[in-house]
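**Student:** Got a sequence here, can you model it:
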Amino acid sequence: MRYLFVLAAALAATATPTHAQQAPLIGAIAPQEAWNDADTVVVVRGSGLASLSEVRLVPAGGGAPVALTRFVGPRGADRADVVVPAGTPRGAYSVVAVDAAAGPGPAAAGRLTVLNRADPDVAGDHLVGTLDGSMAGPAGARAVRIYYPATRAGAGTPGDRRGAPHAVVAWGHAFKPFLFAAGVDHRNNAWIARWLASFGYVVVCPDLSKNTKYFGADATGQANSSRDAGDLLAALAHAERLGNDPTSPLFGLVDATRAAVGGHSRGGDAALMAAARDVAARGAAARVRAVVALSPPSTDSRDGRRPLRFGDLSGLPALLLGGSADRIAPFAEQRAILRLAGAGSAALELDGANHSQFKDSAQRILSDGSPTMSLAAQHAAARRYVTAWLNRHVRDELRVAPGFVPDAARVDRRVRSLELR
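**Tutor:** Here you go, the predicted model:
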C-alpha cells in the first residue's frame, strides 16, 4: 500500500506542473516609454504568452496596479501586443504577465515608463526650451519669447520631435502700467507658458507694450486690445515661419493648423478678439480652435465702461476664468462675455482668487482685491482647467480630458461657481 501511495503522488506531480512552471514570463518590452495622451501599443516578448489574460502594470512606488486587457494583432507563445490606454497615470511600472489559470508570472527585467501629456494636475514630461527674439507685428517689431518642447531644458536647445508637430498657443500678457512695467511683459507668462510647453505646446508670448497708447482718441481699451489682437495673430504666423526654418530650434515642431489664443486681463480681451478675427477671416479653415481668457473685462474702463466689441465668438469654445476677490474685472464681466461665446463654453470663478495673481508674482495691482487663495493655489487651479481645455479642444483628446472641464469643476472646492454655455 505504501508503494501505491508514493506512485500516485509521483503521477500527480507529473500531471500538474507547479505554479512557477505554468506562469507566463516576459523577457523584453518595447517600447519602454509611452505617452498617455493616446493609446500606445507595447510589444511584450517571453514565454507562455499564448494564454495571456492580462498584462499588469505595477507602480514602482506602490499603489494600485493597472490591468491591460486589450490585445491587438496575432498572439503567440513568445509575443503579445497589448494596448496601454490613453490616460494611464504617469509613472514607472514593473510589467507582469498574468494567466487566468496560473496567475501572475515574475516581473519583467525592464520597466515601462508612462510619460504625461494628458493629466492637467501633473506637470507634462517634455523638457522646456526658450527662444528669445523679435517678431513683426501690425505696429512694428517687438520682443517675443517662445516656450517649446525640447530635448534639453534651456535657451535655444533642440526641439523635441516626439509627438511633433505640436499645437501652438499665442499668449498675451496683461496691461502694462504707464510709468512702471511692474514686471508685466512677454516674459511674465512663465507660470502658464512653461507648463503648457511641458505638455507639448509651442507657446508664443509677444511683448504687447509697444502697442499701448495712453493719449488721443484711440487710447481706449477697445483700440488697444484690438491692436494687441493683431499681434497675437502675428505671433501665430511668427511661430509658423520658425517651424519652417531649418536653422531654427522650432524646425518641424509647429502645427499652425491646431492653434489657440489666450491671455490675462487685457491680453484676454485681445485673445477673444484675435480668435473671432481668425474665424471670420478663415471660416472652416480657421487656425484657432479655442480661446482662453483669465479675468478679461467685458467693459472699457477707459471709455465710460462701454461694452467691449469682441467680434463673433459664437463659433468658438471659450474658457473664461475669474476670481471672487477680483476688483478689477469681477466675475460678472466674465459672465457677460460667456453669453457671447459658442456652445460648450464655460466660465469658472475661483474662490478667493484675485486679478493680480494670474501673473507670475503676487504683487497686487492697484485697486485689486486681497486674495484668500495663495499664488501657488491660484496658478495650480488655472493650469488645471487651461490645460484640460486646450487638450480637449485643440488636440481633440476627448477621451482623456472631458472629466476636467466642466464636470470636475463641480466638485473642485477651489471653484466657487461654474456657468456653462
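
**Student:** make it CA atoms for all contacts and neighbour counts henceforth
**Tutor:** OK.

**Student:** Report the backbone C-alpha coordinates of the top helix by length along the chain in PDB.
**Tutor:** Longest helix in the chain, counting residues (DSSP state H): helix 221-243. Taking Å, rounded to 0.1, in the frame of the first residue of the first chain, the C-alpha atoms of helix 221-243 are listed here in PDB:
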ATOM      1  CA  GLY A 221      -9.300  99.700 -24.100                       C
ATOM      2  CA  GLN A 222     -11.100  98.700 -27.200                       C
ATOM      3  CA  ALA A 223      -8.500 100.200 -29.500                       C
ATOM      4  CA  ASN A 224      -5.500  98.900 -27.500                       C
ATOM      5  CA  SER A 225      -6.900  95.300 -27.200                       C
ATOM      6  CA  SER A 226      -7.700  95.400 -30.900                       C
ATOM      7  CA  ARG A 227      -4.100  96.200 -31.700                       C
ATOM      8  CA  ASP A 228      -2.900  93.500 -29.300                       C
ATOM      9  CA  ALA A 229      -5.200  91.000 -31.100                       C
ATOM     10  CA  GLY A 230      -3.300  91.700 -34.300                       C
ATOM     11  CA  ASP A 231      -0.100  91.000 -32.500                       C
ATOM     12  CA  LEU A 232      -1.400  87.700 -31.200                       C
ATOM     13  CA  LEU A 233      -2.300  86.600 -34.700                       C
ATOM     14  CA  ALA A 234       1.100  87.800 -35.900                       C
ATOM     15  CA  ALA A 235       2.700  85.600 -33.100                       C
ATOM     16  CA  LEU A 236       1.000  82.600 -34.600                       C
ATOM     17  CA  ALA A 237       2.400  83.400 -38.000                       C
ATOM     18  CA  HIS A 238       5.800  84.000 -36.500                       C
ATOM     19  CA  ALA A 239       5.800  80.500 -34.900                       C
ATOM     20  CA  GLU A 240       4.700  79.000 -38.200                       C
ATOM     21  CA  ARG A 241       7.700  80.700 -40.000                       C
ATOM     22  CA  LEU A 242      10.100  79.400 -37.400                       C
ATOM     23  CA  GLY A 243       8.600  75.900 -37.700                       C
END
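
**Student:** So for the very next helix or strand once past that helix, mean pLDDT?
**Tutor:** The helix or strand immediately downstream of helix 221-243 is strand 254-264, counting by DSSP states H and E. For strand 254-264, the mean pLDDT works out to 97.

**Student:** one step back: and the longest helix of the chain, how far out from the chain's middle?
**Tutor:** Put simply, helix 221-243 sits 21 Å off its chain's centre (CA atoms, centre = their mean, to the nearest Å).

**Student:** so what does it touch, helix or strand wise?
**Tutor:** Contact here means 3 or more CA pairs under 8 Å, 6 or more residues apart in numbering; DSSP states H and E; on that basis helix 221-243 packs against strand 127-137, strand 166-172, strand 202-206, strand 254-264, helix 266-282.

**Student:** ok, 6 Å please
**Tutor:** helix 266-282 (3 or more CA pairs under 6 Å, 6 or more residues apart in numbering; DSSP states H and E).

**Student:** now the helix it packs on against strand 166-172, angle please.
**Tutor:** Orientation check (axes from the mean of the first three to the mean of the last three CA atoms, to 10 degrees): helix 266-282 against strand 166-172 gives 130 degrees.

**Student:** any idea which helix or strand comes after helix 266-282?
**Tutor:** Following helix 266-282 toward the C-terminus (DSSP H and E): strand 288-294.

**Student:** any idea which helix or strand comes after that next one?
**Tutor:** Next element after strand 288-294 (DSSP H and E): strand 299-300.

**Student:** what sits up against that following strand?
**Tutor:** 221, 305-308 (CA atoms under 6 Å, 6 or more residues apart in numbering).

**Student:** Quick check: mean pLDDT of that strand?
**Tutor:** Strand 299-300 comes out with an average pLDDT of 90.

**Student:** Run through the neighbouring helices and strands of the very next helix or strand once past that strand.
**Tutor:** Next helix or strand after strand 299-300 toward the C-terminus (DSSP H and E): strand 306-307. The helices and strands touching strand 306-307, judged by 3+ CA pairs under 6 Å, 6+ apart, are strand 299-300.

**Student:** just the buried members of the contacts of strand 299-300?
**Tutor:** Among the contacts of strand 299-300, those scoring as buried are 221, 307-308 (criterion: 16 or more other CA atoms under 10 Å).
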